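A.B. asks: take a look and give me a structure for this.
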Amino acid sequence: MSKLLSLSRAARLAGVSRGELQKRVRKEGADTFEGKLTVEILVSLYPHIDMEKDPVLERVQRIKREARPKAHYSDGWMPDPQVLMTRLKEFQHTLVQTKSSLNASENLLNETRSNLQSALNASEEELPAEVERCIQRLSRAIDRLGRASDAKATLFAKDAMLKIVSASVRLLPSGHEFFIEGNDSILEAGLKAGLYLDYGCTGGNCGACKCKVVSGAVRKLRNHDYVLSTKEQEAGYVLACSNTAISDLVVEAGEAGMSEALPHQQIRAQVKKIELVGESLALMNVQTPRTRSLRFKAGQSVSVTTEDGRTADLYIASCPCDGRNLQFIIFKEDDVDFGDAVFDATLARQTVLLEGPKGGFVLQEDSTVPTLFLAKEGGFSPIKSLVEQAITIDNAEGLNLIHIGGNPADSSLDNLCRSWDDSLDNFSYTSTANDISADELAQLILNAATDSDRTEVYIAGPAAWLESVMDAASRNGLDTGVWYTEATDR
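C.D. replies: Model prediction:
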């Protein structure tokens, strides 16, 4: 049987998102085998592989650009990055040519065997003519060997390159797969892929991210204080926060599902920056200590208590892929007491106590269908976190964000939403007037959810507004019973 590719790897080879590949598979009715594709099916779906615009090598370029200078360099055995990348490019072309020749030679042998078998079945009088025809076919095939365009060979070469610049990690028992690029640890790459891996400090102190390497090889990125016993080391256990992959890995690791509650945490963190966005909106950026990261799910909230005892329940407006750097959107009128401390800047550089996380307004696990996000006022905080998580996971066929009232023009939040719309092929952003009627909004949702039976809808905002939108949507034929909602003013 032909080599099977996971959907994640197949998407990277084709240079598209996993959601786009799944949409193409569904549209074309292509066969999959336990969630995997054959190389032949991938080639049939994407027959024109552009070698000059290679996403694998583009990732190499990006990693090189983002690499931080090191204090100490090697003894000279490693070439200059630009030289190395040029060599990799040449290596890829050589692989294509070699694999193409091998594929063509295999086809040629099969054709020749079939032609000779036909000749053997010919009569004695026809045998010389049949042999002559075999020789002519063989000569023509040999002439084509060097000129044949072989998409399968191109995919083979890209796969080899992909294994050089990144490694795949498959988790047991969930079967989730993600990729490690650059100097990311196993834990960092898993969090960036939107997975809720077990961890505590991210610094090698607690051991909560301990996992077992079933197959593949790892390299330690940094020393850690947590001590693995000799027995654990012999069994293949490592700390995910302190190791990276040097080959494709299969790893047994603890992982929370969508319905599982994360442990309650109490973390003292520092308010690093407060950015005013208009007269009644502010962004508060909070950073946890190096030895503690907040483990949370997109869409959840925490209780935030200041040094002088002011407390507010706030939705986290950032992605769970970075549990140390958290963002909160503060609405002045929502909590006057806490809001005053934010807007008069008295909270800047202060220490706050974070307690949580809590809430069940989270993304559905492993969903690949088109997704619509709808937010108003305080609902933008959890929705923003969900959107960032969905973008990071890159599973959905399409993402659509509708923000009622929008963000202040030219603010960092407004620019962020527009940058998603500009840079992501499968993302659409719409900002409406704050006084749009529920029926007008229902029609806007109908237009956005072109495949409403398959579209997941997440909607967050004030309870009264939420109820009016749900009623209007039902009157317009939408099945709101499967929508995921969050009233943010309870």
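
A.B. asks: so what's the residue count around residue 229?
C.D. replies: Around residue 229 there are 9 other residues, counting by other CB atoms under 10 Å. For the C-beta atoms, the positions are set from N, CA and C on the backbone; glycine is no exception.

A.B. asks: what of the one 5 residues further on?
C.D. replies: Summarising burial for residue 234: neighbours were counted as other CB under 10 Å, giving 9.

A.B. asks: when you give positions from now on, start the count at 40
C.D. replies: Sure thing, new numbering starts at 40, so read that last one as residue 273.

A.B. asks: let me see the contact set for residue 309.
C.D. replies: Residue 309 makes contact with 325-326, 388-391 under the criterion CB atoms under 8 Å, 6 or more residues apart in numbering.

A.B. asks: just among these, which is most surrounded?
C.D. replies: When neighbours are taken as other CB under 10 Å, the top entry among those is residue 325 (26 neighbours).

A.B. asks: doesn't that one belong to a strand?
C.D. replies: Yes. Counting by DSSP: H, G, I helix; E, B strand; the rest coil, residue 325 is located in a strand.

A.B. asks: for the helix or strand where residue 481 lies, buried residues please.
C.D. replies: Using DSSP states H and E, residue 481 sits within helix 477-487. Along helix 477-487, these residues count as buried under the neighbour rule (16 or more other CB atoms under 10 Å): 477, 480-481, 483-484, 487.

A.B. asks: so how many other residues sit close to the nearest residue to residue 60 once chain neighbours are set aside?
C.D. replies: Leaving aside its chain neighbours, residue 60 sits nearest to residue 50 (4.3 Å; criterion: CB to CB, 6 or more residues apart in numbering). Residue 50 is flanked by 24 other residues according to other CB under 10 Å.

A.B. asks: mind listing what the residue positioned nearest the centre of the chain touches?
C.D. replies: The C-alpha lying nearest the average C-alpha coordinate of the chain belongs to residue 432 (CA atoms, centre = their mean; 2.9 Å). Residue 432 makes contacts with 232-233, 402, as judged by CB under 8 Å, 6+ apart.

A.B. asks: hmm, back to that, residues contacting the helix holding residue 481, please?
C.D. replies: Under the contact criterion CB under 8 Å, 6+ apart, helix 477-487 has outside partners 411, 413, 439, 441, 443, 467, 469, 471, 475, 491, 496, 504, 507-508, 510-512, 514-517.

A.B. asks: recalculate using a threshold of 6 Å.
C.D. replies: 411, 439, 507-508, 511-512, 515 (CB atoms under 6 Å, 6 or more residues apart in numbering).

A.B. asks: taking these, tell me the two that lie furthest apart.
C.D. replies: 439 and 507 (20.6 Å; CB to CB).

A.B. asks: in the protein, what spans have low per-residue confidence?
C.D. replies: 40-42, 73, 87-145, 147, 179-204, 373-375, 489-491, 529 (pLDDT under 70).

A.B. asks: which residue ranges of it form helices?
C.D. replies: Ranges of helices in the chain, per DSSP state H, are 46-53, 57-67, 78-84, 94-105, 120-159, 166-183, 190-204, 225-231, 269-274, 375-382, 419-432, 451-462, 477-487, 502-514.

A.B. asks: quick check: residue 225 touching residue 279?
C.D. replies: Yes. Assessed by CB atoms under 6 Å, residue 225 is found in contact with residue 279 at 4.1 Å.

A.B. asks: how much space separates the residue of the chain most remote from its centre from residue 171?
C.D. replies: Relative to the centre of the chain, the most outlying C-alpha is that of residue 164, 66.2 Å out, by CA atoms, centre = their mean. Noted for residue 164: a distance of 13 Å to residue 171, by CB to CB, to the nearest Å.

A.B. asks: enumerate every residue touching residue 325.
C.D. replies: 308, 310, 365.

A.B. asks: picking up where we left off before, now do the helix holding residue 481: distance to the chain's middle.
C.D. replies: The chain centre lies 29 Å from the centre of helix 477-487; the measure is CA atoms, centre = their mean, to the nearest Å.

A.B. asks: got the angle between it and helix 502-514?
C.D. replies: 60 degrees (axes from the mean of the first three to the mean of the last three CA atoms, to 10 degrees).

A.B. asks: one step back: which one of the buried residues of helix 477-487 sits closest to residue 75?
C.D. replies: residue 487 (31.9 Å).

A.B. asks: chain center to stretch 406-423, what's the gap?
C.D. replies: Distance, centroid of stretch 406-423 to centroid of chain: 17 Å (CA atoms, centre = their mean).

A.B. asks: what about that stretch, how long is it end to end?
C.D. replies: Stretch 406-423 has its terminal residues 18 Å apart, counting by CA to CA, to the nearest Å.

A.B. asks: now do the domain split for the chain, please.
C.D. replies: Here the domain assignment for the chain is 40-83, 87-198, 212-291, 304-397, 410-526, based on automatic domain parsing.

A.B. asks: end-to-end on the longest one?
C.D. replies: Put plainly, it is domain 410-526. With CA to CA as the measure, domain 410-526 spans 19 Å from end to end.

A.B. asks: and if you look at the third one?
C.D. replies: Its first and final residues considered, domain 212-291 spans 7 Å by CA to CA.

A.B. asks: go on, the fourth one?
C.D. replies: Across its full length, domain 304-397 reaches 10 Å between end residues, using CA to CA.

A.B. asks: which one of the contacts of residue 309 sits closest to residue 398?
C.D. replies: With CB to CB as the yardstick, the closest approach to residue 398 among the contacts of residue 309 comes from residue 325, at 17.7 Å.

A.B. asks: number of nearby residues for the residue lying closest to residue 284 once chain neighbours are set aside?
C.D. replies: Counting by CB to CB, 6+ apart, residue 284 lies nearest to residue 206, which is 3.8 Å off, once chain neighbours are set aside. Residues lying near residue 206 (other CB under 10 Å) number 22.

A.B. asks: which strand residues bridge residue 206?
C.D. replies: residue 219 (DSSP bridges).

A.B. asks: could you do residue 439 as well?
C.D. replies: With DSSP bridges as the criterion, residue 439 is bridged to residue 411, residue 467.

A.B. asks: got phi/psi on the nearest residue to residue 252 once chain neighbours are set aside?
C.D. replies: Residue nearest to residue 252 in three dimensions, not counting chain neighbours: residue 275, with 4.4 Å by CB to CB, 6+ apart. Main-chain torsions, residue 275, degrees, to the nearest 10: phi 100, psi 10.

A.B. asks: does residue 275 touch residue 254 like I think?
C.D. replies: No. In this structure, residue 275 is not within contact of residue 254 by CB under 6 Å, at 9.0 Å.

A.B. asks: the more surrounded of these two?
C.D. replies: Neighbour count, other CB under 10 Å: between residue 275 and residue 254, residue 275 has more, with 15 against 11.

A.B. asks: near the closest residue to residue 158 other than its chain neighbours, how many other residues are there?
C.D. replies: The spatial neighbour of residue 158 that comes closest, neighbours along the chain excluded (CB to CB, 6+ apart), is residue 169 at 3.8 Å. When neighbours are counted by other CB under 10 Å, residue 169 registers 17.

A.B. asks: same check on residue 175?
C.D. replies: Residue 175: 11 neighbours (other CB under 10 Å).

A.B. asks: how close does it sit to residue 168?
C.D. replies: Separation of residue 175 from residue 168 (CB to CB) stands at 11 Å.

A.B. asks: from residue 466, how far off is the closest residue to residue 155 other than its chain neighbours?
C.D. replies: Of all residues not flanking residue 155 in the chain, residue 173 sits nearest, at 6.0 Å (CB to CB, 6+ apart). The spacing between residue 173 and residue 466, counted by CB to CB, is 57 Å.
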